[in-house]
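Student: Quick one: sequence and predicted model below, then my questions.
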Amino acid sequence: MDGAHSGGTAGGTAHELGASRTLWELLARRAEHTPHTPALIQAGAGPDGDRTLTFGALREQAERTAAGLYERGVRKHDTVVWQLPTRIETVVLSLALARLGVRQSPLIPYSRAREVGLALRATGARLYAHPGRWRGFDYADMANRLAPGLDRRPEVLTVYDTLPDGDPERLPPPPDDGTAVRWIYWTSGTTSEPRGVRHTDRSLIAGGSCLAHALRPRPDDTGSVAFPYAHIGGPDYLVMTLLYGLPAVLFEQFALPDALDAYRRHRVTLAGGSTAFYSLFLAEQRKRPGQRLIPTLRLLAGGGAPKPPDLYHEVVGELGCQLAHGYGMTEAPMITMGDPGDTAERLATTEGRPPDGMEIRITGPDGAPRPSGADGEVRLRGEAVCRGYLDEAESAGAFDDEGFLRTGDLGHLTPDGYLVLTGRTKDIIIRKGESISAKEIEQLLYEHPAVGDAAVIGLPDARRGERVCAVLEQPAGAGELTLDGVTAYLRQRGLATHKLPEQLEVVAALPRNEALRKVLKYKLRERFSAPRGTEPAG
């Protein structure tokens, strides 16, 4: 049926659509097959409540927006940085840029001056699209404050409930090369600043295909996007909806219990995002034992943060749905994924298996492959892997001689090919699926007059995966430090909200080794990982 969920079988299977060269070609083929099927549903938006856009209308609106941008002078050699909430207009704008073949650089809406300024400088952006004032923050004012420090002042476009509009007849042909770098996503790694990760249409389609084919959506499924669409998970999910022809409910602001009504109203069957989302749903379920939180929910799925095995069993037992957890990163949005049909043991204790086309190699310190069951660094090769970083020096060191990406993560493969992660070699914190550089926060804290030295660590957190903890030494005679005071200082320095510490510990001296006097962060994690009486809010 054209107006119902098609599962991707009306005129083309999901695997056939996955062979599309570009994201625009994938959208066009889906719109041709099922033009009247709902694609995007905005939860609770507008004076009349929810809004729905079909696949056919999505293609038409994206093409009109592309024409409007083209009439403003945007061309395929340009870069557009956009920082927008999870809304239909955001998806339309991104697809419009894909129609033009423009290089686009998404930023999550909670990024602030440090990250936004870096992205605008590093990409030489011609256009910066933002929501104006959103959730009490003035993005236009931030753009004005950043402008004097930029070599090229970008044109500013406010996008919230309106988009550029033009005549599609004036557009040039759509791009047909899916291997050109047209996406720059940002991640914090071992360096103090975020790194620009270079992706192509084909790498994003490959990543989304990995997710889709692992989860195997059903013809009557309804998905949901409760995380920032600007995250690398955004195109992952979009590709899945385009391959299988299922709608996704978009949440501009996700909070429980407020969002539950939309989940129930739209009979959502697929939800999730990261470990933090699992815990949030579980906490709500425990407020109403014996009554299913979302009666239609059959699968929670996500990744981006460690998943304790106990959490798997709690979700399945109490929420009454399956849980499939995966492993991905900005550099490779989908590496492994749990199969909903796997055994409970595999789903609880592993990250799943890699799909066809993704090679995983576990290596020792010398780079030599290690046998199954032996821990080592996880290295990756495949179409879904990025094309390196904006910084050529970082790109050169990111891949080994055989083209495998060095992830910095530690783990092993079981004899039957399941991945088990056991740690990280890089100093990052993963909070609610977002990678946070400890060094970036430390460098700002070092400049605080009441801080002598600082170590920022991630501590296990049932709701967030990890929480950010700042451990500080103070110079003699320094005034008292409080969590509120430290976070206010970091906000003033432009640090993004999601990177702010949620726990503060002041110690007489940070533990260090005897050779190079490096801080021993594992000792801090051991000391401060004990269960807390009261969990921090946020």
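Tutor: Arrived safely, thanks for sending. Small disclaimer: the values here were computed from a predicted structure and weren't measured. Numbers count the residues shown, from 1 in each chain.

Student: low-scoring stretches of the chain, by residue?
Tutor: Low-confidence regions of the chain, defined by pLDDT under 70, span residues 1-12, 45-48, 188-192, 426, 513-518, 530-538.

Student: backbone phi and psi for the residue of the chain most remote from its centre, please?
Tutor: Centroid-distance maximum for the chain: residue 477 at 42.6 Å, with Cα atoms, centre = their mean. Per-residue torsions, residue 477: phi 80, psi 0 (degrees, to the nearest 10).

Student: I'd like to know how far it sits from residue 489.
Tutor: 19 Å (Cβ to Cβ, to the nearest Å). C-betas here are computed from N, CA, C, even on glycine.

Student: how about residue 344, what does it touch?
Tutor: 312-313, 316 (Cβ atoms under 8 Å, 6 or more residues apart in numbering).

Student: Buried among these? Need that as a selection in PyMOL.
Tutor: Selecting the buried subset of these in PyMOL, with 16 or more other Cβ atoms under 10 Å as the burial test, is done by:
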select buried, resi 312+316
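
Student: which one of the contacts of residue 344 sits closest to residue 195?
Tutor: Set against residue 195, the nearest of those by Cβ to Cβ is residue 312 (31.6 Å).

Student: My assumption is that that closest one lies in a helix; please confirm.
Tutor: Yes: the assignment for residue 312 is a helix, going by DSSP: H, G, I helix; E, B strand; the rest coil.

Student: what helix or strand does the residue nearest to it when sequence neighbours are not counted sit in?
Tutor: Of all residues not flanking residue 312 in the chain, residue 348 sits nearest, at 3.9 Å (Cβ to Cβ, 6 or more residues apart in numbering). According to DSSP states H and E, residue 348 maps onto helix 344-349.

Student: where along the stretch 151-300 of the chain do the strands fall?
Tutor: 155-158, 181-187, 195-200, 223-225, 248-250, 270-273, 299-302 (DSSP state E, counting those that start in this stretch).

Student: For those strands, could you give me a markdown table that also reports distance to residue 467 and mean neighbour count?
Tutor: Conversion of the strands of the stretch 151-300 of the chain to a markdown table gives the following (distance: least, Cβ to Cβ, whole Å; neighbours: other Cβ atoms under 10 Å):
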| stretch | distance to residue 467 | mean neighbour count |
| --- | --- | --- |
| strand 155-158 | 34 | 15 |
| strand 181-187 | 19 | 23 |
| strand 195-200 | 23 | 23 |
| strand 223-225 | 24 | 25 |
| strand 248-250 | 27 | 25 |
| strand 270-273 | 17 | 26 |
| strand 299-302 | 18 | 23 |
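
Student: Dump the ones you listed into CSV; add distance to residue 431 as well.
Tutor: Below are these laid out as CSV (distance: least, Cβ to Cβ, whole Å):
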stretch, distance to residue 431
strand 155-158, 29
strand 181-187, 13
strand 195-200, 18
strand 223-225, 19
strand 248-250, 22
strand 270-273, 13
strand 299-302, 14
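
Student: Nearest to residue 402 among the contacts of residue 344?
Tutor: residue 312 (34.3 Å).

Student: measure residue 227 to residue 86 for me?
Tutor: 7 Å.

Student: Mutual contacts of the two, please.
Tutor: Residues touching both residue 227 and residue 86 by Cβ under 8 Å, 6+ apart: residue 234.

Student: ok, back up a step: closest one to residue 121 among the strands of the stretch 151-300 of the chain?
Tutor: Among the strands of the stretch 151-300 of the chain, if distance is taken as Cβ to Cβ, the winner is strand 195-200, at 10.6 Å.

Student: Now do the contacts for the closest residue to residue 158 other than its chain neighbours.
Tutor: Distances taken as Cβ to Cβ, 6+ apart place residue 132 nearest to residue 158, at 4.5 Å, with adjacent residues excluded. By Cβ under 8 Å, 6+ apart, the contact set of residue 132 is 138-140, 158, 160.

Student: repeat for residue 154
Tutor: 81, 120, 125-128, 143.

Student: 7 Å instead, please
Tutor: 120, 125-128 (Cβ atoms under 7 Å, 6 or more residues apart in numbering).

Student: Repeat that for residue 508.
Tutor: Residues in contact with residue 508 (Cβ under 7 Å, 6+ apart): none are found.

Student: Quick check: phi and psi at residue 486.
Tutor: Torsion angles, degrees, to the nearest 10, at residue 486: phi -70, psi -40.

Student: Surely residue 257 touches residue 284?
Tutor: Yes: using Cβ atoms under 7 Å, residue 257 is in contact with residue 284, at 5.7 Å.

Student: Could you report the distance from the nearest residue to residue 43 once chain neighbours are set aside to residue 256?
Tutor: Nearest residue to residue 43, sequence neighbours excluded (Cβ to Cβ, 6+ apart): residue 262, at 3.8 Å. Here the criterion is Cβ to Cβ. By it, residue 262 lies 11 Å from residue 256.

Student: Give me the more crowded residue out of the two.
Tutor: Using other Cβ atoms under 10 Å as the criterion, residue 262 and residue 256 rank with residue 262 on top: 21 against 15.

Student: From the contacts of residue 132, pick the one nearest residue 167.
Tutor: residue 158 (22.2 Å).

Student: which residues sit in contact with that closest one?
Tutor: Applying Cβ under 7 Å, 6+ apart, the residues near residue 158 are 130-132, 140.

Student: Drop anything exposed from those.
Tutor: Buried members of these, scored by 16+ other Cβ under 10 Å, are 130-131.

Student: Now the two most distant members of the contacts of residue 158.
Tutor: Maximum pairwise distance among those (Cβ to Cβ): 9.4 Å, between 131 and 140.

Student: what lines up beside the helix or strand where residue 323 lies in the sheet?
Tutor: Assessed by DSSP H and E, residue 323 sits inside strand 322-329. Using DSSP bridges, strand 322-329 pairs in its sheet with strand 299-302 (parallel), strand 332-337 (antiparallel).

Student: Please identify which of those is closest to residue 104.
Tutor: The closest of those to residue 104 is strand 332-337. By Cβ to Cβ, the value is 15.5 Å.

Student: got a list of contacts for the closest one?
Tutor: By Cβ under 7 Å, 6+ apart, strand 332-337 touches 207, 210-211, 214, 232-233, 236, 324, 326-328, 351-354, 358, 380, 384-386, 405, 419.

Student: cutoff 6 Å now
Tutor: For strand 332-337, contacts defined as Cβ atoms under 6 Å, 6 or more residues apart in numbering pick out 207, 210-211, 214, 232, 236, 326-328, 351-354, 380, 384-385, 419.

Student: now do stretch 487-502
Tutor: 110-115, 434, 436, 444, 448, 467-468, 470, 536.

Student: Same question for that stretch: list its buried residues.
Tutor: For stretch 487-502, by 16+ other Cβ under 10 Å, it's 487, 489-490, 493-496, 498-502.

Student: from the chain's centre, how far out does it sit?
Tutor: Stretch 487-502 sits 20 Å away from the centroid of its parent chain (Cα atoms, centre = their mean, to the nearest Å).

Student: what sits against residue 465?
Tutor: Taking Cβ under 6 Å, 6+ apart as the test, what residue 465 contacts is 275-276, 305-306, 430.

Student: and it, bridged to which residues?
Tutor: residue 461.

Student: how's the chain carved up into domains?
Tutor: 19-166, 269-424, 430-528 (automatic domain parsing).

Student: Same list (those) but as a markdown table, adding distance to residue 181.
Tutor: Formatted as a markdown table, those follow (distance: least, Cβ to Cβ, whole Å):
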| stretch | distance to residue 181 |
| --- | --- |
| domain 19-166 | 7 |
| domain 269-424 | 6 |
| domain 430-528 | 21 |
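
Student: what about the helices in the stretch 151-300 of the chain?
Tutor: Per DSSP state H, counting those that start in this stretch, the stretch 151-300 of the chain carries helices over the ranges 201-215, 233-244, 260-265, 275-285.
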